[in-house]
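Novice: here is my input; please provide its structure:
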Amino acid sequence: MKLASAAVALLSSTLPVVTVAQECLLGSFTLEFDGECTAAKVLETYTEQVYEAAGATATSCTTSAEDDLNAKLAAAGIADASELCDQVYATQHKVPFTAAANRGTDLHFEQMFYNGRTDWQEEVETLYEESDFSATSILREDAEQVRSFYDGVAQGYRVDWPGALPNFKSSVNDADNLATCTTNAAMCCWPKDRQANDNNGNCAKAYDENCVDKDPADNTNLCYVDVERGNSSTGEDGKGFIAFPGDNNDGEGAIHCHGFAWADDKYDSISRYKANNLFFVSMYDHMHQRGYVENIPGNPMCGCMDQMPIVTRSDCTQVDLTEDWEVIFDGTDMTGHLTKVEIDFNACRGRNNR
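Specialist: You can find the predicted model right below:
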């Protein structure tokens, strides 16, 4: 429990405790809890840390903890504890998505990246660009910012959703009024591996001999590409279908697809941190760590599901969170904010945790 000294002195005085209608406790307090911010959680914490604290409530008090809390919320101009949580979620600090690559703030690099067309994706390490035959186009060196962003931001701060990119636009908007996917799901598909010695794909050293047009680990079958579906992202004006009735060398060759989804509830954790998940899946886990790059011709590398190729399956990542909260009441105003966020990226759990 955290009670301001002025409040403690007031509560322990001989003056009547109930001096304001419907309130048993007067003065300031601070609540601390973890998990999701919900009305039930705020009330539970207020009851345990303030209302039921030793000596905090006079025996003559007949107001319940819920009514006492609601009176304070009303005095602060907040309808109820749910609205308090919504205010915290709506005003949560967000790091711009462009900080992940740090290649400008106009999203041009990100647009090219999610279409599979940046230097990170089109170049492959080589010894033939320098007169001394020193290696150039080393992915983990060129994309070092991705690792730094993962270590410093992606696991501890909310990242802003890049809804301005056509890859992630549809007819619906998210809680921040940014365009997002109608299906509440996005996916990436890669046909190429450009990095050796990472235990993924078949790119190998020496790069100039053993990493030319190499394959990622094959985890799906590509059925067909509806070229028109990708036009809004690729900027092309294609039409028609590209079918792959066979598989492996009799079809599309090896491709790897990985996606993620989020909830209808705009304040659900997997919805609020969907941009973190997008960064992890596309830039960090699959490009920086595995070397998977480029796009399936006719569709973007990553986008809403309705822009992507038709495949038989996809791997999936979800975010799991630990959030610490603080609610402060100064006797007049009540505010809440996040004090700590820890984000883990794990394989999705479906029905029965499978």
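Novice: all contacts plus neighbour counts: C-alpha atoms, from now on.
Specialist: Noted.
Novice: quick one: contacts for residue 241?
Specialist: Residue 241 makes contact with 224, 225, 226, 227 under the criterion C-alpha atoms under 8 Å, 6 or more residues apart in numbering.
Novice: got phi/psi on it?
Specialist: Note on residue 241: backbone dihedrals following degrees, to the nearest 10 are phi -130, psi 150.
Novice: then residue 278?
Specialist: In terms of degrees, to the nearest 10, the main-chain angles of residue 278 are phi -60, psi -50.
Novice: circling back to that earlier point, for the contacts of residue 241, which one is nearest residue 115?
Specialist: residue 227 (13.5 Å; C-alpha to C-alpha).
Novice: give me the number of residues near that closest one?
Specialist: The number of residues packed near residue 227 is 22, by other C-alpha atoms under 10 Å.
Novice: which of the contacts of residue 241 lies closest to residue 97?
Specialist: When these are compared against residue 97 (criterion: C-alpha to C-alpha), the nearest one is residue 227, at 27.6 Å.
Novice: might one say that the closest one is in contact with residue 242?
Specialist: Yes. When contacts are counted by C-alpha atoms under 8 Å, residue 227 is listed as touching residue 242 (7.4 Å).
Novice: rounded mean pLDDT for stretch 328-345, please.
Specialist: Mean pLDDT, stretch 328-345: 95.
Novice: in the stretch 151-300 of the chain, which spans are strands?
Specialist: Remark: strands assigned in the stretch 151-300 of the chain by DSSP state E, counting those that start in this stretch are 158-159, 172-173, 179-180, 185-190, 192-193, 222-226, 241-243, 256-261, 292-293.
Novice: which stretch in those is the model least sure about?
Specialist: Least confident of these, judged by mean pLDDT, is strand 172-173 with a mean of 76.
Novice: elements contacting that one?
Specialist: Packing partners of strand 172-173 (3 or more C-alpha pairs under 8 Å, 6 or more residues apart in numbering; DSSP states H and E): strand 179-180.
Novice: mind listing the strands the strand it packs on pairs with, and their directions?
Specialist: Using DSSP bridges, the strands paired with strand 179-180 are strand 172-173 (antiparallel).
Novice: thinking again about what came up before, in JSON lines, list the contacts of residue 241 along with distance to residue 79.
Specialist: Shown next, in JSON lines, are these (distance: C-alpha to C-alpha, whole Å):
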{"residue": "224", "distance to residue 79": "52"}
{"residue": "225", "distance to residue 79": "50"}
{"residue": "226", "distance to residue 79": "49"}
{"residue": "227", "distance to residue 79": "50"}
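Novice: select only the buried ones of those in PyMOL?
Specialist: This is how PyMOL selects the buried members of these, with burial counted by 16 or more other C-alpha atoms under 10 Å:
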select buried, resi 224+225+226+227
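Novice: distance-wise, check the closest residue in space to residue 154 that isn't next to it in sequence relative to residue 212.
Specialist: Using C-alpha to C-alpha, 6 or more residues apart in numbering and skipping the chain neighbours, the partner closest in space to residue 154 is residue 276 (5.7 Å). Remark: distance between residue 276 and residue 212 (C-alpha to C-alpha, to the nearest Å) = 31 Å.
Novice: which one's more surrounded, those two?
Specialist: residue 276 (27 against 15).
Novice: rewinding a little: give me the pLDDT for the residue nearest to residue 154.
Specialist: 98.
Novice: what's it in contact with, if anything?
Specialist: Residue 276 makes contact with 154, 155, 158, 159, according to C-alpha under 8 Å, 6+ apart.
Novice: and which of those is nearest residue 247?
Specialist: Nearest member of those to residue 247, counting by C-alpha to C-alpha, is residue 154, at 36.1 Å.
Novice: and the pLDDT for the closest one?
Specialist: For residue 154, pLDDT reads 98.
Novice: now it: how far from residue 146?
Specialist: In terms of C-alpha to C-alpha, residue 154 sits 10 Å off from residue 146.
Novice: what about these two, which has more around it?
Specialist: residue 154 (27 against 24).
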